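Q: next comes the sequence, and after it the predicted model I'd like to discuss.
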Amino acid sequence: MDGNRRFAKNRGLEVRHGHAEGADALEQTLDWCLKLGVKTVTVYAFSTENFSRDKVSEVDPIMSLSTEKFQKFASNSDIVKKHGIAVRVYGRLDLLPPPVKHAASLAAKMTATNSNAILNICMPYTSREEILYAVRTIVRGVEDGILDSDDISQEVLEKCFWTGGNSDSISGSGDVDILLRTSGEVRLSDFMLWQASNACQIKFLNVYWPDFTFWHMLPSLIQYQMSYSQVSQARNQHQKHLNYLFSSRNNDKNFCCTGAGYEEGLVVDAQVKRVMRFLDAVRKERDADAIKYCP
Ligand SMILES: CC(C)=CCC/C(C)=C/CC/C(C)=C/COP(=O)(O)OP(=O)(O)O
């Protein structure tokens, strides 16, 4: 959601009004996405670096605005109810002021059973923080004796991300299909670096976020649909590559692996059992963390 300040400046408005318009643009965009069948929408609302902006004129107003939006989502507001949206907040929630993290946890809790669509709000987030979180989780797993260092793989690492769960947990969403960056900046600014690395369509749009319309979004969706077979092919290739790495790590153990990595239904040996037990504990802890600031 980039370009709120420049939008405000161009109109002679205070910065906080730019952010307020940005928050409204999110609800509108969400409505378009869900009507078109895009069931998971992830937005970059605040980076950990944004805390260094002016507290009074910018950070505090963003925090108040976010509290208000989270409270609205928590009460299953019109848009949440209309589309059955589960709201998830990814990031260093511990760094947020108490009213914001209370409201964020409440929104996650009160919408957790909504199962038609997912809104992920990244706040305060950076990809590098997320990767660090995953690495720390894995180190703890090894130190606690749940996991062997030999068990660590790309799949295990990515399942330890904030986004690493699956659709039936209240955290996690997996790979990104389309990434849209508004405001004309041509960089990713530490957003979903890992999740966007696997056949993701990345578009840089020359529009400030509050001015973003359906017509900015539509060409990207059409292009994605038209290239869907190449996307699937690239993803299958990637899965084959992971399987190859997996079986070559395990060829001394007479291990066999099918397409779905560590998912259920696979041949189970001691390593798979260990990994599944670890990932289950990770998912439970992450789900508990998502709602731990509920008042
Ligand atoms: C919970 C919820 C939905 C909250 C929404 C609050 C909101 C709209 C936050 C966006 C804040 C932000 C740093 C935007 C980026 O534009 P920028 O300020 O970097 O603009 P610039 O690129 O023009 O400087």
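A: Sure, I can see it.
Q: quick one: contacts of stretch 99-118?
A: Taking C-beta atoms under 8 Å, 6 or more residues apart in numbering as the criterion, the residues outside stretch 99-118 that touch it are 34, 39-41, 63, 66-67, 70-71, 73-76, 80, 83-89, 93-94, 96, 121, 123, 167, 170, 173, 290-295. Any C-beta I mention is one placed from the backbone N, CA and C, and that applies to glycine too.
Q: out of those, which touch the ligand?
A: The overlap between these and the neighbours of the ligand (C-beta under 6 Å from any ligand atom) comes to 66, 70, 121.
Q: looking at those residues, which are in helices?
A: Helix and strand membership here follows DSSP state H; of those, those in helices are 66, 70.
Q: which one of the ones next to the ligand among the contacts of stretch 99-118 is nearest to the ligand?
A: Using C-beta to the nearest ligand atom, residue 66 comes nearest to the ligand of these, at 3.9 Å.
Q: now for that closest one: which residues touch it?
A: By C-beta under 8 Å, 6+ apart, the contact list for residue 66 reads 23, 45-46, 100, 103-104, 123.
Q: distance check, it against residue 214.
A: Applying C-beta to C-beta, to the nearest Å, the value for residue 66 to residue 214 is 25 Å.
Q: and for residue 48?
A: In this structure, residue 48 and residue 214 are 31 Å apart, going by C-beta to C-beta.
Q: around the ligand, pick out the residues from the stretch 1-150 of the chain.
A: Of all the residues in the stretch 1-150 of the chain, those lying near the ligand are 1-6, 19, 22-23, 26, 45-46, 50, 62, 65-66, 69-70, 121, going by C-beta under 6 Å from any ligand atom.
Q: mind checking which of those land in strands?
A: Counting by DSSP state E, those place residue 121 in strands.
Q: which other helices and strands contact the worst-scoring helix or strand of the chain on mean pLDDT?
A: The element with the least model confidence among the helices and strands of the chain, by mean pLDDT, DSSP states H and E, is helix 228-250, at a mean of 82. Using 3 or more C-beta pairs under 8 Å, 6 or more residues apart in numbering; DSSP states H and E as the contact definition, the elements that helix 228-250 packs against are helix 154-159.
Q: other SSEs contacting the helix it packs on?
A: By 3+ C-beta pairs under 8 Å, 6+ apart, helix 154-159 packs against helix 127-143, helix 228-250, helix 270-290.
Q: next SSE after it?
A: Counting by DSSP states H and E, the next helix or strand C-terminal to helix 154-159 is strand 178-181.
Q: so does that following strand get close to the ligand?
A: No - for strand 178-181, no contact with the ligand is found by C-beta under 6 Å from any ligand atom; the gap never falls below 10.4 Å.
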